[in-house]
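*Asks:* Can you look at this prediction? I've put the sequence above it.
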Amino acid sequence: MFDDRTEKRLVGGEYLLHQGDNLQILAGLPEESVDMIFADPPYNMQTDGELLRVEGTVFKGVNDKWDKYGSYGEFLQYTEAWILECRRILKKNGSLWVIGSFHNIYNTGHILLTNGFWVLNDIVWEKSNPVPNMKGTRFCNAHETLLRCVKDKNAKATFNYKTMKHLNGGKQMKSVWNIPLCTGKERLTDADGGKLHNTQKPLKLLEYVILSSTKKGDTVLDPFSGTGTTGVASLKFLRKYIGIEREERYLTASKNRLDNVEISQHTDLIENTYDIPLEKVAIEKMLEKGYLTAGQPLYNKIGKLQARLTAKGSVLCAETNEESSIHRLSAKILQKSTNNGWDYWFVELGGEFVSIDSLRQEYREREL
C-alpha cells in the first residue's frame, strides 16, 4: 500500500500500479483497506468471426484474448472470485462500482447479491454516439449499466449528492448519464493508429463515479485498470489510486497518463465543498450581532406580514399572537407537519425583501 516510499507527483497524486494476475495481487492487499473500487471486468462477449459494417468493411469489436473463457461456468467462477476479493479489501462503508453490458451485468448482479452486497443504484450510461448493430438483427446497443453497491444495507457510503447536483446544473442528478464514447484525442491509439484498448472508458464517466463516491485523500482501487482512466480521474481530484493490470501495453500507457495528470482547478470539487455541512447558526446569535432585531416584522415570500421576531429568537404570529419557532409557525401556516423556517421567512431591508437564510449565510461568512 502507500508509505513513505510512494512517489508523490507534483502534477497529480499518489498511485501504485501492479502488473500480473489480479486475483493473486488482490489476495495480497490488506483487508478493508480501500475506500472505493471501480471494476470494469471482461464482458465475455463471445465474439466469433469478423464483424462487417453494412458496406462490407471490417469492424474491430471486442475480440481480445482477455475477454474469452473456456466456458460460461469458468467465467462465472472467475467473476465470483474477484468479487469476493473486492469484498474483503473494501472498507466497511466503502463503495463498489461495477460496469457491464447485457452480456455480463445480470450474472454479475446476481453474484453480488448472493455474496451480501447491497445495490444502491443501477446507472445507465447512455452513449450519445453508440456503435451501430452491424448485422441489423438487433436494436443498437446504446448503453451500459453501472451498479453502485455497498457491503451490506447498513453501510454508510460516501455520496456527494450536492456535488452531483452542482454538476447537473443545480438539478438532482438522475440515474441516466448521457456521455459519448471515448473518441478523438482522448482515445489512445497503438503504433498502427488503431484503438489501443477496445473498451477504454470516457474520462467524464469515471469523473462522475469518483466525485460522487469519494473524498479527497480516499484510496480508489481498479482491479481491471486497463489504460488507467480510473486512475486519471482519481489523481485529478487528489484521490489515491491502485491499479492492477496484466497487459504490458496497457500498463505502459497507464503510467504515461498517470505521470502527466493535471490537478483540477476546481478546488470545490476536490474538497467536496458542496457536501460539507454548514455550521449551525442560532437566531439568538444573529440578534446579538445585529443581523436581525427584536420586534422585526417577518414576511412570506410575496411580502405578506405574518409574524414578528422576539428578543429570544422565537416568533409571534401576526394574527393570533401565538409564540412559536420559525420552523413550527411556517409549517402551521403551510399546513405541513414540518418546514424549514430559514427558507420561508423574509425581512424588509432598504425597500427589498431579503430571506433570513441569506442573512444567515452573511453571518457565516463574516462571523465564523
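*Replies:* Nice, I can see it.

*Asks:* helix or strand right after the lengthiest strand in the chain?
*Replies:* When the chain is parsed with DSSP state E, its longest strand is strand 90-100. Toward the C-terminal end, the helix or strand that comes next after strand 90-100 (DSSP states H and E) is helix 105-114.

*Asks:* For that following helix, the averaged confidence score.
*Replies:* Helix 105-114 comes out with an average pLDDT of 96.

*Asks:* and the angle from that helix to strand 90-100?
*Replies:* 160 degrees (axes from the mean of the first three to the mean of the last three C-alpha atoms, to 10 degrees).

*Asks:* Flag every buried residue along stretch 327-341.
*Replies:* 327-331, 333, 339, 341 (16 or more other C-beta atoms under 10 Å). C-beta: built from backbone N, CA, C; applies to glycine.

*Asks:* biggest separation within those residues, which pair?
*Replies:* H327 and I333 (11.1 Å; C-beta to C-beta).

*Asks:* Give me the contacts around stretch 273-290.
*Replies:* 160-163, 165-166, 267-268, 292-294, 309, 311-313, 326, 356, 359-360, 363-364, 367-368 (C-beta atoms under 8 Å, 6 or more residues apart in numbering).

*Asks:* same thing with stretch 316-323?
*Replies:* The contact list for stretch 316-323, computed with C-beta under 8 Å, 6+ apart, reads 305-308, 310, 314-315, 324, 329.

*Asks:* Just the buried subset of the residues you listed, please.
*Replies:* By 16+ other C-beta under 10 Å, these give 306-308, 314-315, 324, 329 as buried.

*Asks:* Over to E144. Which of the three states is it?
*Replies:* strand (DSSP: H, G, I helix; E, B strand; the rest coil).

*Asks:* could we number from 135 for the rest of this?
*Replies:* Sure thing, new numbering starts at 135, so read that last one as E278.

*Asks:* Around it, count how many other residues there are.
*Replies:* Using other C-beta atoms under 10 Å, E278 is surrounded by 21 other residues.

*Asks:* Also L483?
*Replies:* L483 has 11 nearby residues by other C-beta under 10 Å.

*Asks:* Distance check, it against R498.
*Replies:* Distance, L483 to R498, using C-beta to C-beta, to the nearest Å: 18 Å.

*Asks:* Just the contacts of stretch 407-424: which are in strands?
*Replies:* L443.

*Asks:* and the contacts of stretch 407-424, which are buried?
*Replies:* Among the contacts of stretch 407-424, those buried by neighbour count (16+ other C-beta under 10 Å) are 294, 297, 300, 426, 443, 447, 460, 490, 493-494, 497.

*Asks:* want to throw the residues you listed into TSV with pLDDT and distance to K370?
*Replies:* TSV is the format used below for the buried ones among the contacts of stretch 407-424 (pLDDT from 0 to 100; distance: C-beta to C-beta, whole Å):
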residue	pLDDT	distance to K370
N294	98	15
T297	98	14
H300	97	17
L426	97	43
L443	97	47
G447	95	45
I460	97	42
I490	97	39
L493	96	37
R494	96	34
Y497	95	35
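
*Asks:* Of those, which belong to helices?
*Replies:* Residues of those located in helices (DSSP state H): 297, 300, 460, 490, 493-494, 497.

*Asks:* For the residues you listed, name the two members farthest from one another.
*Replies:* The largest separation in those, counting by C-beta to C-beta, is between T297 and I460 at 28.5 Å.

*Asks:* Surely I313 and V258 touch.
*Replies:* No - counting by C-beta atoms under 8 Å, I313 sits too far from V258 to count as a contact (10.6 Å).

*Asks:* which residues do these two both contact?
*Replies:* With C-beta under 8 Å, 6+ apart, I313 and V258 have no common neighbours.

*Asks:* Output the below-cut-off pLDDT ranges for the chain.
*Replies:* Within the chain, the stretches with pLDDT under 70 are 135-147, 179-204.

*Asks:* now the residue nearest to the spatial centre of it: how far from T353?
*Replies:* By C-alpha atoms, centre = their mean, the chain has its centre lying nearest to S346, at 2.1 Å. Using C-beta to C-beta, S346 is found at 16 Å from T353.

*Asks:* do the same with E482
*Replies:* 52 Å.

*Asks:* show me what contacts D352?
*Replies:* 169-170, 292, 373-374 are the contacts of D352 under C-beta under 8 Å, 6+ apart.

*Asks:* Now do the helices in the stretch 385-502 of the chain.
*Replies:* Assigned by DSSP state H, counting those that start in this stretch, the stretch 385-502 of the chain shows helices spanning 401-404, 417-423, 460-468, 475-478, 490-501.

*Asks:* Likewise for the stretch 135-284 of the chain?
*Replies:* 156-161, 206-223, 239-248.

*Asks:* Show the secondary-structure elements that the shortest one is packed against.
*Replies:* When contacts are defined as 3 or more C-beta pairs under 8 Å, 6 or more residues apart in numbering; DSSP states H and E, helix 156-161 sits against helix 206-223, strand 374-379.

*Asks:* Counting by contacts, list what the first one packs against.
*Replies:* So that's helix 206-223. Helix 206-223 packs on helix 156-161, strand 168-173, helix 239-248, going by 3+ C-beta pairs under 8 Å, 6+ apart.

*Asks:* With distance to N394 and mean neighbour count added, can I get those in JSON lines?
*Replies:* Listed next are the helices and strands packed on helix 206-223 as JSON lines, based on distance: least, C-beta to C-beta, whole Å; neighbours: other C-beta atoms under 10 Å:
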{"stretch": "helix 156-161", "distance to N394": "24", "mean neighbour count": "16"}
{"stretch": "strand 168-173", "distance to N394": "21", "mean neighbour count": "24"}
{"stretch": "helix 239-248", "distance to N394": "33", "mean neighbour count": "16"}
